[in-house]
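Q: Just the structure for this:
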Amino acid sequence: MKYQVGQVGRCVVARIEDGDPILDCLINIAKKEEIRAAIVYLVGGITEATIVVGPDKDELPPNPVWRTLTESHEAAAIGTIFWEGNEPKIHIHGSYGKRDMVKVGCLREQANAFLVMEAIILEITGVKAVRELDPKSNMVLLKL
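A: Here you go, the predicted model:
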């Protein structure tokens, strides 16, 4: 285990509006505000989203199992922002529900807000954390 101790910096409250690309909006905020490390909370509506619901088997590198949310879902999610090189990378896991069906997974690639998605970004200062490609898993992972 490796860890560092930092402090909570600025707090950003964002309203991501109907049809807006959620991950792109978070990346744009991180770039504009130069947020290098943060916790992200999301609550609201989501649609047209792609999620990973786990690896096919418990082996490295993992083979992801993909699911698509093609209609509106309620969403509650938490994630992080850390940079890989010159780009902020968003890592978000959440639950996505519609009627009596709930999916839990890692938000990837595409996801649009439905009606409204509220985002709270809590900046973390005083840490030196980045994302780097891990050759064993072939994934971009947190490095301290």
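
Q: The most centrally placed residue in the chain pairs with what?
A: By CA atoms, centre = their mean, the chain has its centre lying nearest to Ile92, at 2.6 Å. According to DSSP bridges, the partner residues bridging Ile92 are Gly79, Leu107.

Q: Relative to Pro55, how far out is it?
A: Using CB to CB, to the nearest Å, we find Ile92 at a distance of 17 Å from Pro55. C-beta coordinates here come from the backbone N, C-alpha and C atoms, glycine included.

Q: What residues sit buried inside the longest strand anywhere in the chain?
A: Selection of the longest strand in the chain by residue count, based on DSSP state E, yields strand 112-125. Buried residues in strand 112-125, counted by 16 or more other CB atoms under 10 Å: Asn112, Ala113, Phe114, Met117, Ala119, Ile121, Leu122, Glu123, Ile124.

Q: just checking, next helix/strand downstream of that strand?
A: For strand 112-125, the following helix or strand on the C-terminal side (DSSP states H and E) is strand 130-134.

Q: Against which helices or strands is that next one packed?
A: If contacts are counted by 3 or more CB pairs under 8 Å, 6 or more residues apart in numbering; DSSP states H and E, strand 130-134 sits against strand 73-84, strand 139-143.

Q: what about stretch 72-91, average pLDDT?
A: Per-residue pLDDT over stretch 72-91 has a mean of 98.
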